[in-house]
Each structure stands twice: as structure tokens, then as C-alpha cells.
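**Student:** sequence unknown, structure follows:
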């Protein structure tokens, strides 16, 4: 299943929570400039999969390959250096920081000032990070928000800013946790367009409940149910898979 | 009238010292959710380093800097070695939240007893670097001397330096992010463990400054079991709580308020009521406004 050219490959991933199998033998590949969706009913293990990839949950078993090289499960703070960035379902902006400060935080891997230089006198670091943050905001058309406090933003704007914070680290793999969740039709269309464009710069792995978003932006899908992959492949293939239809009780997918 | 002015000046001076201690406690609380009782011991140890430096080089200013550096190292060491191990070992169960706090209490005792063992329990003296004779205005001697000016201005300089660090630098940004939500900060690539250690280091330096400024402001003498350092911890803690425990500005305001209230009680009522007043104030704030006078609107999420 794993091809050497896969940007990211997960095999036999299992996560137990005190005897409960949250994930069992899960596999997943992500190739360059591909948008891959992870779908499944509530509690299927989508978030656990994301958390395992991000070092928030420790897998009991499983191998991870990045760029064809075997890699131990990363610790959270290492992700940015490995070229992985993630947005959070709950957005996770720091409310009392400005938008541009929030985005600057995502650019830590480009910061090279030591503790000492940061304490004694301002280095060039801040202006460099600031510049990167402004570019990232431009990519989500949010430069106008730069100096607003994060807690003064509308919900759709916080989504855009959190994507900018992920993009600022120039990831090869962008993980989006329910990018369309809670958005209205207009903003969903906008988000669709953005994800299409992102494909030119990086690969995208996303968890999403809105089936129309999933079907329109994803090149391939993995369907999880009760912690196992029950189907994978193109949207068309997955849509017709009887196992998927059964899992969703024929509701949304048809 | 002069009594009133003098009382305000005394209150501001002690408030400045309390504020450094309160800042130290807030920094540790925000970065690791630990109420650091050892802060008094750390300040004591750092002040001894400062004292040794004065003996050697006869310069208070050099000693202040050296003791702050020592305070930073001690703080970083405690977090990196003791706290990190403790968080790993006792990460679950009912004891997880309190174990580190009890450990700091143990550490306070350990530092005091250890110092007593190695340097002895006799008093040593740090002399004021400048005159402690009050300025004279229109024939009246004020309760404000060059020494008190030095104390207040040193505190203000340190607070300005800290606020620049927090507001303007990338490091400050990481400190604030790590304090608010370690998980999200980690996802953004912040090395939260290191940043926490740095928080302990800055706190250690602030506590050291409080110890070094407090000693000559009193009678100059101190020993491993000085009551002064216990009071510094207690008043610093009360000030931090008044300020909401989360906010550095709150800590400074809480310290000034506490300093002023205690000075007025001391001057206008009775010295024997100072202690009671401090604790009544603490309990009143907790009862009436538990989030502090300018308490944070939101706690951290994770």
C-alpha cells in the first residue's frame, strides 16, 4: 500500500483508550499536491487519527513514513519543522493577541533569535516573522484584519486566520480539522475555493462533515467507522461503496 | 499633610518590592499552574549570592545583577529538573494538581535548612548602596530617601523591561501563548517546555531583585530564617491574588494597593494590625471579586 513517493504514509495505526479501540489497523497515504478527506460518523476515530499524527495522542502500534523515510511518531512541537501544520476544530486563536501576532506564532520555526538576544534588545527576528505573517494573511485575503484582536473577529474570519497561522510555517502537509464546520453557504463556497488553491502549494488532509465540501475538494477519501478504515478511494468509488452507505444509513452520501 | 505624603511614599516603596515578588509568582503560575512557595527560598538564596558578591567586589549594583542571574539559573534549574520530572511522574490522579505545589513547599524548607547548614544562621548585612536619609522639603524630612528612589526606579525599570519583552518580542509572544494554551502553542511549533523554564527563570530573577531591594530597605540584616522573606512571599502572593493571579499589570496594581493600605494602617491605626489587614484584604478580595481587581476575562482553555 505504501509507495515510496508518498509524502505521508500511515500503516497499522492502533490507538487504545483504556481497553477501548479508538483506532485499529488504520492506514492512510497522502501524495504530493493531493487533497485527501477523512470522513465517518461521529466517534469513528477521525479526530483521534489527527491527534495521533500530531503527537497529542500516543499510538499503541503503527508506523509512520514521511517522504519515504520511516519516522517515529512526532512530538507536537516538532510538526512545524517536519513540514506539517494543523488547524483546530475549535479554531484555537489566542484571544488577547492581535491577528498578526497569532499568525506570527505559527512561524516559530523561522525564528532564530536565542533567549539572550530576545531579552536584550529587539532582534530583526520580529520584523522577519511579521513579514511572513502578513504574507500568510494575504493568502487567505485577511491582511485587513492584521491588527484586530483575535477575539473581535467574526467566526468565518477566525477560520481564515487559523488557516493563515498554519500556512505561515510553509507546510508540505496541511491538516484541516473541519474547515467548513459552522460556516454559512457563502463562506463554504469561499473555503472550497481556498482549498482548491492550496493544492498548488501543499497537500491537504482534512476531516469534514459537510459532504458537498468533501465531494468537491477531495481527490481521495478514507472512510472510518468504529476506528477502522471501511473504505477508501475516489469520491465516486466511496460514494457507491455499500459498506459506506450502511455506515451512514444511506443518509448523506447518496 | 506631611504624614499623609510620607505614608503614601512608604506605601509606594514597599508596593514596588511586593510587585516584583507578585510578578514572580504570577509568571510561574501562568506558565506551569504552580503556586510557587519556594519563591521565597529562591529569593533568599539569590540574595545570599548577592551578599557574597558584595563581600567580594563591594558593589551593590554588580551584586544586584549577579543575584538576578543566579535567581534566573536557580528558577530554571528547579523547573527543568524538579518540576518537569514531577509533571511526568505524577501526571494523573488526584495528587497530580497538588504534588508540584507541595513540592515547592518542601523545597522552601530545604533551601532554608540547607542555607543554615552551609552559611550558618547568624545575621548578615547588606548596606544600602545610597543614603537612606530622607529628602528634606521645606524643613520637613520626607520618608523618601535616595535609597527608596533607587528601589522604586529599579522596580519600574524591571517592569518596563518585562512589558517590552512580553508585548514586543517573539519570545514574549511564545510565553503568552504557552501560558494561555500549551497544546495550541505546541501545534504552532512553540517549544512549550523550554518556554516554561524561561518563565521560571524570569520569575527567579524578579524574586531575586525583590530580595536584594527589600533587605537594605529594612534594617539590612537577613539570615536563612528571616521572617522578612516569609512576609515577602505572603505579601507578594496576596498582591498577585488581588491582581487576579493571571495578569502582570494586575500584580503590580495589587502590590501598590497592598503597600498603600498597609502603610496607612501602620501610620494611622496600629503596627499590630498590619498582618491582620493584609489577610482580611486577601479574604475580602476572594469573597467579593475572586477574579481579582482586573482579573482576566477568560482562563486558559487547556
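**Tutor:** Looks like it arrived, so ask away. Because the structure is predicted, anything quoted here is derived from the model rather than measured.
**Student:** switch to C-alpha atoms for all contacts and neighbour counts from now on
**Tutor:** Noted.
**Student:** up against chain B, what does the stretch 151-254 of chain A have?
**Tutor:** A:165, A:166 (Cα under 8 Å from any Cα of the partner chain).
**Student:** recalculate using a threshold of 10 Å.
**Tutor:** A:165, A:166, A:168, A:169 (Cα under 10 Å from any Cα of the partner chain).
**Student:** give the contact list for the last one.
**Tutor:** It refers to residue A:169. A:79-81, A:83-85, A:103-110, A:132-133, A:136, B:188-189 (Cα atoms under 10 Å, 6 or more residues apart in numbering or on different chains).
**Student:** and what about it, helix, strand or coil?
**Tutor:** Recorded secondary structure, residue A:169: coil (DSSP: H, G, I helix; E, B strand; the rest coil).
**Student:** gap between it and residue A:106?
**Tutor:** For residue A:169, the distance to residue A:106 (Cα to Cα, to the nearest Å) stands at 6 Å.
**Student:** just the buried positions in the helix or strand encompassing residue B:84, please.
**Tutor:** Secondary structure from DSSP states H and E places residue B:84 in helix B:84-89. Neighbour counts using 16 or more other Cα atoms under 10 Å in any protein chain shown place B:84, B:87 of helix B:84-89 among the buried residues.
**Student:** which of the residues in stretch B:152-162 are buried?
**Tutor:** Quick answer for stretch B:152-162 (16+ other Cα under 10 Å): B:152, B:154, B:155, B:159, B:162.
**Student:** find the nearest non-adjacent residue to the third one, please.
**Tutor:** Just to be clear, that refers to residue B:155. Using Cα to Cα, 6 or more residues apart in numbering or on different chains and skipping the chain neighbours, the partner closest in space to residue B:155 is residue B:16 (6.0 Å).
**Student:** spell out which parts of the stretch 151-300 of chain B neighbour chain A.
**Tutor:** So the stretch 151-300 of chain B meets chain A at B:161-162, B:164-174, B:176-177, B:180-181, B:183-193, B:195, B:198, B:297-298, B:300 (Cα under 10 Å from any Cα).
**Student:** not counting sequence-adjacent ones, nearest residue to residue A:194?
**Tutor:** Nearest non-adjacent residue to residue A:194 (Cα to Cα, 6+ apart): residue A:140, at 7.5 Å.
**Student:** thinking again about what came up before, now do the shared contacts for residue A:169 and residue A:106.
**Tutor:** A:80, A:85, A:132, A:133, B:188, B:189.
**Student:** show me those that map onto strands.
**Tutor:** Per DSSP state E, strands hold the following members of the shared contacts of residue A:169 and residue A:106: residue A:85.
**Student:** in helices, which of the shared contacts of residue A:169 and residue A:106 appear?
**Tutor:** Using DSSP state H, the members of the shared contacts of residue A:169 and residue A:106 that fall in helices are A:132, A:133.
**Student:** whichever of the shared contacts of residue A:169 and residue A:106 end up buried, select them in ChimeraX.
**Tutor:** To isolate the buried members of those in ChimeraX, using 16+ other Cα under 10 Å:
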select /A:80,85,132,133 /B:188,189
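**Student:** which of the shared contacts of residue A:169 and residue A:106 lies closest to residue A:239?
**Tutor:** Nearest to residue A:239 out of the shared contacts of residue A:169 and residue A:106 is residue A:85 (Cα to Cα; 28.6 Å).
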